[in-house]
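>>> sequence-free structure coming up:
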């Protein structure tokens, strides 16, 4: 049985599956799928910007603390955790853009009848 590929997360599901593990319902019309992908893309951009800002702020805080002679193990762990969220956001951006390209309306030349 060929597998279905989810446009939201690119995971493969069984051919008879109705839902993907990410929550996408197979069989939706293209307009609804494009809308979901645009929303996912927007959310990924927001998360990426937010967590890059947090990463930079945490790195600055750690640098200042180290200069003052403090050790900040929890802040370093937070820096690693937010780096993980940045990586996931980057993946969501890539997946969303690829899916939107694949589902973009294609220009089909108009047929002409020649008699």
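Thanks, I have it. Keep in mind that this is a model prediction, so the values were computed, not measured.

>>> got any ranges where the chain has weak pLDDT?
Applying pLDDT under 70 to the chain flags residues 1-2.

>>> need the contact list for the most centrally placed residue in the chain.
Nearest to the mean C-alpha position of the chain, by CA atoms, centre = their mean, lies residue 92 at 1.3 Å. Applying CB atoms under 8 Å, 6 or more residues apart in numbering, we find residue 92 in contact with 40, 41, 43, 44, 47. Every residue, glycine included, has its C-beta placed from N, CA and C.

>>> One more: residue 11?
Taking CB under 8 Å, 6+ apart as the test, what residue 11 contacts is 5, 20, 21, 22.

>>> Just among those, which is most surrounded?
Using other CB atoms under 10 Å as the neighbour criterion, residue 20 leads the contacts of residue 11 with 19 neighbours.

>>> Please name the nearest non-neighbouring residue to that one.
residue 6 (3.9 Å; CB to CB, 6 or more residues apart in numbering).

>>> Residue 100 now?
In space, residue 100 is closest to residue 37, 5.1 Å off (CB to CB, 6+ apart).

>>> Buried residues in the helix or strand harbouring the one you found, which are they?
Following DSSP states H and E, one finds residue 37 within helix 30-68. Across helix 30-68, burial judged by 16 or more other CB atoms under 10 Å covers 33-34, 36-37, 40-41, 44, 47-48, 51, 54-55, 58, 62.

>>> ok so, going back, can you pull the contacts of the residue nearest to residue 20?
12, 13, 20, 22, 24, 26.

>>> Check the gap between it and residue 38 for me.
To residue 38, residue 6 is 16 Å away according to CB to CB, to the nearest Å.

>>> again, but for residue 49
Using CB to CB, one gets 17 Å for the distance from residue 49 to residue 38.

>>> again, but for residue 88
The value you get for residue 88 to residue 38, if CB to CB is used, is 19 Å.

>>> Got phi/psi on the residue lying closest to residue 38 once chain neighbours are set aside?
Leaving out its chain neighbours, the residue that sits closest to residue 38 by CB to CB, 6+ apart is residue 100, at 7.1 Å. Main-chain dihedrals, residue 100, degrees, to the nearest 10: phi -60, psi -40.
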